[in-house]
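from the sequence below, what's the structure:
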Amino acid sequence: MHNVRVDQISSTAEKAKHDPSAALVKINIAGDWRMDENQKQFGGAVTFPKGELVLEADFPPFLGGEGRAPSPLAYCFYGAMSCYGSTFASQAAMAGVEIEQMHITLSLQVDFRTALGLGEFTPLSEFKFDVQVKSPATVKEIENVKKLTDERCPAIWAMKNPVPFSTSARKLE
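Have a look, this model is predicted:
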């Protein structure tokens, strides 16, 4: 339904009832900071089931880059937006709600004063996701899909809950 393979989702859900590992995806990505000023500052390959894509990032000029590629945060925000949109589309399909067309936007503001060493400031404003849907469904059905999306989207979960992390830095010899 609207480019979502509901049968595959149902099959995965059924398998995960008995084997939680069926619903796990391990992520391991890597990239390199580039010292050559003729190159974009950062790059790394991201693999997926049917291929690989090299993503590159470059800070905007006011943060010491040249703006030759999306900033690192642009990828983060695109990831959040596409996660929300993908979750919306899949939840609609699983609920049998037809979507003829969907457009999503994300707006927010980033304050870099903390990164610039100017003190402690909240770096991110509210994330405002706006989903516009053309559908024969009722307003109530669309609102229900939004509710399910808000409850089930991993990006929204990560914004609501502290995500454990660890960092390390090692000197290479």
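
give me the longest helix you can find in this structure.
Longest helix in the chain, counting residues (DSSP state H): helix 72-94.

for the host helix or strand of E141, packing partners?
Remark: E141 resides in helix 139-152, with elements defined by DSSP states H and E. Other helices and strands packing on helix 139-152, by 3 or more C-beta pairs under 8 Å, 6 or more residues apart in numbering; DSSP states H and E, are helix 72-94. All C-beta spots, glycine's among them, are computed from the backbone N, C-alpha and C.

past the helix it packs on, which element shows up next along the chain?
Heading C-terminal from helix 72-94, the first helix or strand you meet, by DSSP H and E, is strand 101-107.

now do the buried residues in that next one.
Across strand 101-107, burial judged by 16 or more other C-beta atoms under 10 Å covers 104, 106.

can you give the contact residues for the helix or strand just after it?
Of the helices and strands lying after strand 101-107 in sequence (DSSP H and E), the nearest is strand 128-134. The set of residues that contact strand 128-134 without belonging to it, under C-beta atoms under 8 Å, 6 or more residues apart in numbering, is 81, 84-85, 88, 92, 99-108, 142, 146.

burial measure for the closest residue to Q101 other than its chain neighbours, as a count.
With C-beta to C-beta, 6 or more residues apart in numbering as the criterion, Q101 has its nearest non-adjacent residue at 3.9 Å, and that residue is K134. Summarising burial for K134: neighbours were counted as other C-beta atoms under 10 Å, giving 11.

how far away is K134 from R170?
Applying C-beta to C-beta, to the nearest Å, one obtains 52 Å for the distance of K134 from R170.

then C83?
The spacing between C83 and R170, counted by C-beta to C-beta, is 31 Å.

more crowded one of these two?
In terms of neighbours (other C-beta under 10 Å), C83 is the more surrounded of C83 and R170; the figures are 17 against 5.

quick check: closest non-adjacent residue to that one.
With C-beta to C-beta, 6+ apart as the criterion, C83 has its nearest non-adjacent residue at 3.9 Å, and that residue is A155.

would you say that neighbour is within a helix?
Yes: the assignment for A155 by DSSP: H, G, I helix; E, B strand; the rest coil puts it in a helix.
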